[in-house]
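Asker: let me see the structure of the following:
(2 chains)
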2 protein chains.
Amino acid sequence: MRRIAIVLVAVGTLTGLIASATGGIGQAAEPVPIFVKTIPPGYRDWKVVSVAHEAGELNDIRAVLGNDIAIKAYREGRLPFPEGSIVGRIAWTYEASKENNDTFGREQSFVAGSPTDFYLQFMVKDSKKYAATGGWGYASFGKDGTPTAGAAMTNCYPCHQAIKGRDFVFTRYAR
Amino acid sequence: MRRIAIVLVAVGTLTGLIASATGGIGQAAEPVPIFVKTIPPGYRDWKVVSVAHEAGELNDIRAVLGNDIAIKAYREGRLPFPEGSIVGRIAWTYEASKENNDTFGREQSFVAGSPTDFYLQFMVKDSKKYAATGGWGYASFGKDGTPTAGAAMTNCYPCHQAIKGRDFVFTRYAR
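Answerer: A predicted model of the protein is given here:
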């Protein structure tokens, strides 16, 4: 009996490991979230989707860009975004421009300063590879290009589910 | 005597007309400002120089873009900008994003809305053609693509003289 019990525990432990890697016992196997750890090359040359300012703790001003596949889909209003689409955003500190204000003669001008702590972020479309997060791989990099730690990354997909109807992409194309 | 006086007045008037067209009596002939009246093709595909927010009466959020010649000069820190450089900016209304704020759980997000009354502006470098305005031809277009009326255009160059040391271009390249 004792030998049988040990074997059952071993099988149980193994099952547990498999379950944690696939999503849980008793569910259909679900893939584990995979985050993008490399900065897509050439992103600084991409075309503009739109621009935005996040106040509050972020306090940045940002450009949202797209690779050619994403821009084509945006312009055609195509949803979901096709495989290979990448939407990126660059965030700089939000700075009052003394030079501009002196020229205008009033306080009104805010410009891009230096890279922020969440300098670069990307969504990479690959429906199979990133099936666990709606077909998008999420990426975030600090001002030195280091990938943002995993704990913060787990917030990406839950938040983006708010706009599942636009294939999880918040930013609209600015015409 | 009376006939001579009339002739002198006529000559004086004619001289005045010539003077106003060339820059003034007793100066070397100066070229008349020429404003750019056509939207440079393909500008929406250009690369990002930077982004900004103008508060106050303008109340816009904007992307500053450059054609390939301008972007190359910016990245190399080359001044003055070479012939053929074009720096452009697109301005959209500055809008609070309810969708983003609802997702963030706080009021913080401002995005690009619709084209403004001064939707598109460009500076086109051609040192000979635009010699009267520092080698740059200035262009401005409303939301329907109509060139901004001449009176407003006369303010471009005087204002840009504040940054003559950077070849009259306010916006710095955001890295």
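
Asker: which residues are in contact with the residue nearest to residue A:94 when sequence neighbours are not counted?
Answerer: Computed as CB to CB, 6 or more residues apart in numbering or on different chains, the closest residue to residue A:94 that is not its neighbour in sequence is residue A:61, at 4.7 Å. Heads up, the C-betas are built off the backbone N, CA and C, glycines and all. Shown in contact with residue A:61 (CB atoms under 8 Å, 6 or more residues apart in numbering or on different chains): A:51-54, A:91-94, A:110-112, B:51-53.

Asker: which residues does residue A:61 form a beta bridge with?
Answerer: Beta bridges link residue A:61 to residue A:53, residue A:92 when assigned by DSSP bridges.

Asker: then residue A:140?
Answerer: Here residue A:140 sits in beta bridges with residue A:121, going by DSSP bridges.

Asker: where does pLDDT dip in chain A?
Answerer: A:1-28 (pLDDT under 70).

Asker: quick one: is stretch A:148-165 near chain B?
Answerer: Yes: applying CB under 8 Å from any CB of the partner chain, one finds stretch A:148-165 in contact with chain B at A:159, A:162, A:163.

Asker: out of these, which is nearest to chain B?
Answerer: Within these, distances to chain B taken as CB to the nearest CB reach their minimum at residue A:162, with 4.5 Å.

Asker: and that closest one, how many neighbours?
Answerer: By the other CB atoms under 10 Å in any protein chain shown criterion, the neighbourhood of residue A:162 contains 15 residues.

Asker: nearest residue to the most centrally placed residue in chain A in space, ignoring adjacent ones along the chain?
Answerer: The centre of chain A sits closest to residue A:138, judged by CA atoms, centre = their mean, with a distance of 3.5 Å. Once flanking residues are discounted, residue A:138 sits nearest to residue A:156: 3.9 Å by CB to CB, 6+ apart.

Asker: quick one: contacts for that neighbour?
Answerer: A:133, A:138, A:140.

Asker: which helices and strands sit right next to whatever helix or strand the residue nearest to the centre of chain A lives in?
Answerer: If you go by DSSP states H and E, residue A:138 is part of strand A:136-141. Counting by 3 or more CB pairs under 8 Å, 6 or more residues apart in numbering or on different chains; DSSP states H and E, the packing neighbours recorded for strand A:136-141 are strand A:109-125, helix A:150-153, helix A:156-160.

Asker: now the shortest one: buried residues?
Answerer: Within helix A:150-153, the residues that count as buried by 16 or more other CB atoms under 10 Å in any protein chain shown are residue A:153.

Asker: who touches it?
Answerer: Contacts for helix A:150-153 (CB under 8 Å, 6+ apart): A:33, A:35, A:138, A:140.

Asker: how many neighbours does the last one have?
Answerer: This points to residue A:140. Residue A:140 is flanked by 22 other residues according to other CB under 10 Å.

Asker: many thanks, we can stop here.
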